[in-house]
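Visitor: 3D model of this:
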Amino acid sequence: MAIVLEDGTGLSTSETYISVADCDLYHTARAQDAWSDGTDDEKEAALRRAMAYLEGRYGPKYTGVRRYGREQALMWPRSGATDAEGWVIDIDVIPIEVVRATAEAALRELAEPGFLSPDVTAGAAGQVIREKNVVGPIETETEYSDTVTAAGTLTRPLVQVLDDILSPLLRGLGGSFGTLPIVRN
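Guide: Here you go, the predicted structure:
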């Protein structure tokens, strides 16, 4: 089934911000050869999974609001969106940062399906996964599963390149996501 590309009109059926052909060009230009290992169907599936991750993780952090409200399938196009420098983003434009992040996320999903949003068995954290005991001299070593953090939240991969690419579009201090500016006096 052909993937539906968002064209800036707020389609209710759109699935991605970048076509497989444009994603091919993006990764070729960056010598990311792993992308060429996939079939077109595998690449489309990777783009769909990448979008689910990007929309969930970054969508609520974009400035502005969806131009066509909840009828549009994806977070872009947006009204009232600005970048970190205060420039207004054209309401019919999908920012290049969003397109590039989609390509980067899709590469990771093609290489390892489910990488960005892994399934985790609840309650798996803290389970003993390896135990070692030595009697003389006494030595004990225990390794626990770290699937869930100490606070009880599921861990997900942090893909720094996605944060770096999208940071100019995100709410917060100067558009930065999870960083603070350093000022010298």
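
Visitor: Show me what stretch 80-93 is in contact with.
Guide: Here stretch 80-93 makes contact (C-beta atoms under 8 Å, 6 or more residues apart in numbering) with 8-9, 62-65, 67, 77-79, 95, 167-169, 174-176. To be clear about C-beta, it is placed using only N, CA and C from the backbone, and glycine gets the same treatment.

Visitor: any idea which residue of the protein is furthest from its center?
Guide: For the chain, the residue at maximal distance from the C-alpha centroid (C-alpha atoms, centre = their mean) is residue 136, at 49.7 Å.

Visitor: So for it, what's the pLDDT?
Guide: The per-residue pLDDT reported for residue 136 equals 73.

Visitor: swap in residue 178?
Guide: For residue 178, the predicted pLDDT is 47.

Visitor: do residue 5 as well
Guide: 97.

Visitor: swap in the one 3 residues further on?
Guide: In the prediction, the pLDDT value recorded for residue 8 is 92.

Visitor: same question, the one 10 residues further on
Guide: Residue-level confidence at residue 18 comes out at 98, pLDDT.

Visitor: related to what we said a few turns ago, against residue 109, how distant is the residue farthest from the centre of the chain?
Guide: Per C-beta to C-beta, to the nearest Å, residue 136 is found 51 Å from residue 109.

Visitor: next one: residue 34
Guide: 11 Å.

Visitor: More neighbours: which of those two?
Guide: Higher neighbour count among residue 34 and residue 109: residue 109, with 25 against 11, using other C-beta atoms under 10 Å.
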